[in-house]
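**Student:** I would like the atomic coordinates for the input below:
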Amino acid sequence: MVKSMDRTIAPELKAYYARKAKSDKDDPSLKSLKRSPGALPYRGRVGAMPRYSLDGNCIVRREPQPEPPRELLRAIDQLAVKARALDEKHDRVVDGIATLRRRLRDTEGELGQLRHAWLPRQLLRKRRLERHRDSLRARLGTTRGERELTERSIEQTGAALVAHYQAVRALLRPLESLPMSCPECGQESSPDRVAPAGDGWREGWYECAAGSCGATWTARWSGGAQPVVRVLVS
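**Tutor:** Okay, the predicted model is just below:
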């Protein structure tokens with residue numbers, strides 16, 4: 001049965017493609033196009049192709065969720081990089097403070113052993129250790145100040161990150177109430193009742209504020225600076 005149908009359809013297809021190729025050959029607008037032999041140009045409108053899963057079921061294509069502004073996301077990335085760099089710097093400063101404390105403790109221990117020194121060689125070493133001790137104390141004080149500045153910067157950067165994250169959540173959170181124009185008369189109206197609709201959406205039930213109109217409708221809106229709105233007129 002299939003072979004007989006192929007023999008019946010094949011001549012019609014060959015005739016169609018022959019007429020199509022002749023018309024395309026005579027079309028001057030297509031002479032400049034480079035085509036492979038036998039290729040036919042498509043002059044229709046390209047639309048979205050339906051998507052199907054492996055088992056043949058249609059895949060539901062969800063609408064893109066609203067995104068925060070790119071400038072805000074870029075600022076969050078920069079703050080995150082700065083926070084990581086500050087954390088690493090803080091670790092290095094803390095390790096440096098521990099090293100300076102250990103060296104200062106060893107130097108003070110050697111000075112304690114030379115407390116009653118009187119030989120010239122011992123006095124020379126004692127003066128050298130005292131200078132080294134003073135230098136370690138100064139460096140330790142500077143490093144402690146750097147640690148305090150780093151910790152303060154970490155707190156400020158963390159607070160800025162929290163503020164930016166809260167701004168992103170506020171942008172993605174849908175409005176509690178969305179005033180809309182009446183689809184019939186254009187009168188601006190507020191929803192009589194609002195409820196969550198799932199996936200970050202909210203749903204509102206409207207009745208036109210103009211008494212002479214009486215139109216009712218339902219709307220759903222997403223979050224974001226420019227929310228996506230779906231209206232269903234009842």
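**Student:** so who does the nearest residue to I154 once chain neighbours are set aside touch?
**Tutor:** Excluding the flanking residues, the one nearest I154 by C-beta to C-beta, 6 or more residues apart in numbering is L86, at 4.9 Å. For glycine as for every other residue, the C-beta is placed from the backbone atoms N, C-alpha and C. L86 is in contact with T150, S153, I154, T157, counting by C-beta atoms under 8 Å, 6 or more residues apart in numbering.
**Student:** output these in JSON lines; the columns should cover secondary structure, neighbour count and distance to R105.
**Tutor:** Shown next, in JSON lines, are the contacts of L86 (DSSP: H, G, I helix; E, B strand; the rest coil; neighbours: other C-beta atoms under 10 Å; distance: C-beta to C-beta, whole Å):
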{"residue": "T150", "secondary structure": "helix", "neighbour count": "18", "distance to R105": "24"}
{"residue": "S153", "secondary structure": "helix", "neighbour count": "16", "distance to R105": "29"}
{"residue": "I154", "secondary structure": "helix", "neighbour count": "16", "distance to R105": "28"}
{"residue": "T157", "secondary structure": "helix", "neighbour count": "19", "distance to R105": "33"}
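**Student:** so which of these comes closest to I97?
**Tutor:** Nearest to I97 among the contacts of L86: T150, at 11.3 Å, using C-beta to C-beta.
**Student:** thought the closest one was touching V93?
**Tutor:** Yes. Counting by C-beta atoms under 8 Å, T150 touches V93, with 5.9 Å between them.
**Student:** where does the residue nearest to I154 sit: helix, strand or coil?
**Tutor:** helix (DSSP: H, G, I helix; E, B strand; the rest coil).
**Student:** look up how far D77 lies from D87.
**Tutor:** With distances taken as C-beta to C-beta, to the nearest Å, D87 is found 16 Å from D77.
**Student:** and which of the contacts of L86 is nearest R121?
**Tutor:** T150 (42.8 Å).
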